[in-house]
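Trainee: the amino acid sequence is not available; the structure is as follows:
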């Protein structure tokens, strides 16, 4: 596998466009379109929140029932959530307009929205934006980047990743973009993710690969403990790499899953650091099972007190041990080891559940880096899992306190 500079236009046959439709923002682009020149197999995963936005309900139907998908239309600023039948109708109107402009079937269009909950979409602005984007679709790197920027809300950076790998003597590419800042928590966070590939793969294995991968990527990040109404990850495969179609779990499928995992992991980690001064990674090793390792790592990464300590560059190991203890997993606290790592070095804090003689100054230096890892060895087994989050900052509170205004 090779990491390349790219986004959703990196795979063959995918084009992108963006525009400033004036949906909520007055000084920036707020709509994006992704289009494949040929029909795609489609897979999707969606929010576990009981309150599901109209685009989530619409896309679940399309992914399940449509034979193929060819376009995705995304808007930022208004989430089209808690909008009833009128909001769902706007999803249909958006797809109908895109289908007409692109000369494709209406059920070949997926839609996504992110932004303020409870407001109705200004559908005429969306339709005008679709007209503009349909004429400006491009396969350039810049088009992909501008599309990634257009779907941002309180995000401070755009998020894009692309990789290539060999399958059946052909070069296959996987490229993705996402947005996500506030309202992020395991079990799909407040995020929209769009991953495109030119791989030839069956719809069944495409969905299986995505469903399995979100468990170890998007579902392992947390910023604030809130699970959004709009969470969506869409995976489209158009087959233009011309590799032998992947229809069974062979070596090519393993390579595809590895590439998908890399793209999803990297953009998930980008989201975990939004509105923060540090990406906080929690790696639990030596657990009895993978499930227990996941629960333990999530418990630490979700701890507000631990996140505050990371912001203060404070090796407050008691908060981590406490978060492990209330996770619901049974373990022997007198067997736990804890290490902090960063680009500045590594330092052991706990050995067998008791603090070792370490330098507070050295610990602070290590915790002052923009990416910090806590490694908790439970010494109970061989399973491990990693969760990602961030420190809790003044800026995060400010960004999300006045979002609607």
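Mentor: That came through, no problem. Only a predicted model underlies this, so the values are computations on that prediction, with no experimental measurement involved. Numbers count the residues shown, from 1 in each chain.
Trainee: please make it C-alpha for all contacts and neighbour counts, starting now.
Mentor: Fine.
Trainee: residue ranges in this structure under the pLDDT threshold?
Mentor: 154, 156, 181-190, 222-228, 272-276, 395-405 (pLDDT under 70).
Trainee: looking at it, which helix is longest?
Mentor: helix 251-272 (DSSP state H).
Trainee: which SS class is residue 64?
Mentor: Secondary structure state of residue 64, per DSSP: H, G, I helix; E, B strand; the rest coil, is helix.
Trainee: same question for residue 338.
Mentor: strand.
Trainee: that one contacts residue 349, doesn't it?
Mentor: Yes: with contacts counted by Cα atoms under 8 Å, residue 338 reaches residue 349, the gap being 5.5 Å.
Trainee: shared neighbours of the two, anything?
Mentor: residue 317 (Cα atoms under 8 Å, 6 or more residues apart in numbering).
Trainee: and the helices in the stretch 301-405 of the chain?
Mentor: Along the stretch 301-405 of the chain, the segments classed as helices by DSSP state H, counting those that start in this stretch run 304-311, 317-325, 360-366, 394-401.
Trainee: residues contacting the longest helix of the chain, please?
Mentor: Under Cα under 8 Å, 6+ apart, the answer for helix 251-272 is 1, 159-165, 167-168, 174-181, 184, 209-210, 213-214, 216-218, 221-223, 246, 279-280, 388-390.
Trainee: just give the nearest non-adjacent residue to residue 114, would you?
Mentor: residue 79 (4.1 Å; Cα to Cα, 6 or more residues apart in numbering).
Trainee: which ones are touching that neighbour?
Mentor: 53, 113, 114, 115, 116, 117, 118, 119, 230.
Trainee: most neighbours among those residues, please name it.
Mentor: Counting neighbours by other Cα atoms under 10 Å, residue 230 leads those with 30 neighbours.
Trainee: for the residue nearest to residue 114, give its distance to residue 119.
Mentor: From residue 79 over to residue 119 the distance is 7 Å, taken as Cα to Cα, to the nearest Å.
Trainee: again, but for residue 236
Mentor: Residue 236 is 29 Å from residue 119, by Cα to Cα.
Trainee: now do residue 384
Mentor: 42 Å.
Trainee: kindly report the same for residue 104.
Mentor: Taking Cα to Cα, one finds residue 104 at 29 Å from residue 119.
Trainee: quick revisit: weed out the non-buried ones from the contacts of helix 251-272.
Mentor: 159-165, 167, 174-181, 184, 209-210, 213-214, 216-218, 221-223, 246, 279-280, 388-390 (16 or more other Cα atoms under 10 Å).
Trainee: just the ones of the residues you listed in helices?
Mentor: 209, 210, 213, 214.
Trainee: if I look at the second one, how far off is residue 260?
Mentor: Note on residue 210: its distance to residue 260, by Cα to Cα, is 8 Å.
Trainee: buried set for stretch 311-320?
Mentor: Neighbour-count burial for stretch 311-320 [16+ other Cα under 10 Å]: 311, 312, 313, 314, 315, 316, 317, 319, 320.
Trainee: okay if I get those as CSV plus distance to residue 285?
Mentor: Output for those, formatted as CSV (distance: Cα to Cα, whole Å):
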residue, distance to residue 285
311, 24
312, 25
313, 23
314, 22
315, 19
316, 20
317, 17
319, 18
320, 14
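Trainee: closest to residue 394 out of those residues?
Mentor: residue 311 (9.6 Å; Cα to Cα).
Trainee: wait, residue 381 sits on residue 289?
Mentor: Yes: contact criterion Cα under 8 Å: residue 381 and residue 289 qualify, at 7.3 Å.
Trainee: which of the buried ones among the contacts of helix 251-272 fall in strands?
Mentor: Among those, DSSP state E puts 159-165, 167, 174-180, 279-280, 388-390 in strands.
Trainee: and the strands in the stretch 51-200 of the chain?
Mentor: 69-78, 109-116, 159-167, 170-180, 191-197 (DSSP state E, counting those that start in this stretch).
Trainee: what strands line up against the last one, and which way round?
Mentor: The pairing partners recorded for strand 191-197 under DSSP bridges are strand 170-180 (antiparallel), strand 232-237 (parallel).
Trainee: what residue in this protein is the furthest from its centre?
Mentor: residue 357 (39.1 Å; Cα atoms, centre = their mean).
Trainee: spit out the contact partners of that one.
Mentor: residue 349.
Trainee: count of residues packed around residue 26?
Mentor: 10.
Trainee: likewise for the one 4 residues further on?
Mentor: By other Cα under 10 Å, the residues close to residue 30 number 29.
Trainee: isn't it right up against residue 78?
Mentor: No: between residue 30 and residue 78 there is no contact under Cα under 8 Å: 9.8 Å.
Trainee: run through who's touching stretch 300-318.
Mentor: 221-225, 277-278, 280-282, 319-320, 323-324, 338, 349-350, 360, 363-365, 367-368, 387-393.
Trainee: and those, which are buried?
Mentor: Looks like the contacts of stretch 300-318 have 221-225, 277-278, 280-282, 319-320, 323-324, 338, 349-350, 363, 367-368, 387-393 buried, using 16+ other Cα under 10 Å.
Trainee: not counting its neighbours along the chain, what's nearest residue 108?
Mentor: Closest to residue 108 by Cα to Cα, 6+ apart is residue 69, at 4.0 Å.
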